[in-house]
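In: no FASTA, just this:
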């Protein structure tokens, strides 16, 4: 999401699997634990996985980024899910 390398030279961050739609979201449209709801996010101090926590992605993206950047990220995630779903 943020463009940070998932493994850096100092080991500050690593890849973490994240439910894009959090499991805590009780909506009927919650996909749960399926490949098209899991994204790799950086994990560590100031990492995306840490800051997203159980926030819905559209809310989290707009809290963290501008509207334009949030839409770009949403498109990339959508493309990623389409690729994973094939």
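Out: Thanks, I have the structure now. Because the structure is a prediction, the values reported are computed rather than measured. Residues are numbered from 1 along each chain as shown.

In: Show residues contacting the top helix by length along the chain.
Out: In the chain, assigned by DSSP state H, the helix with the most residues is helix 67-84. Helix 67-84 has contacts (C-beta atoms under 8 Å, 6 or more residues apart in numbering) with 1, 20, 35-37, 39, 57-58, 61-62, 64-65. For every residue, glycine as well, the C-beta is placed using N, CA and C.

In: Out of those residues, the closest to residue 11 would be?
Out: Proximity of the contacts of helix 67-84 to residue 11 (C-beta to C-beta) peaks at residue 1, which lies at 19.9 Å.

In: and the closest one, what is it in contact with?
Out: 39, 41-42, 48, 61, 73, 77.

In: cutoff 10 Å now
Out: Applying C-beta atoms under 10 Å, 6 or more residues apart in numbering to residue 1 gives the contacts 18, 20, 39-42, 47-49, 51-52, 57, 60-61, 64-65, 69-70, 73-74, 76-77.

In: Could you do residue 15 as well?
Out: Residue 15 touches 5-7, 40-43, 47, 49, counting by C-beta under 10 Å, 6+ apart.

In: name the element residue 18 belongs to?
Out: Per DSSP states H and E: residue 18 is located in strand 14-19.

In: so what strands line up beside that strand?
Out: Taking DSSP bridges as the criterion, strand 14-19 forms sheet pairs with strand 38-43 (antiparallel).

In: Just the buried residues of the strand it pairs with, please?
Out: Neighbour counts over strand 38-43 (16 or more other C-beta atoms under 10 Å) mark 39, 41-43 as buried.

In: try stretch 56-70
Out: 57, 60-61, 64, 70.

In: Give me the buried stretch members for the strand holding residue 18, please.
Out: 16, 18-19.

In: Now flag whichever of these is closest to residue 85.
Out: residue 19 (15.6 Å).

In: Check the gap between that closest one and residue 32 for me.
Out: According to C-beta to C-beta, to the nearest Å, residue 19 and residue 32 sit 8 Å apart.

In: likewise residue 2?
Out: Residue 2 is 25 Å from residue 32, by C-beta to C-beta.
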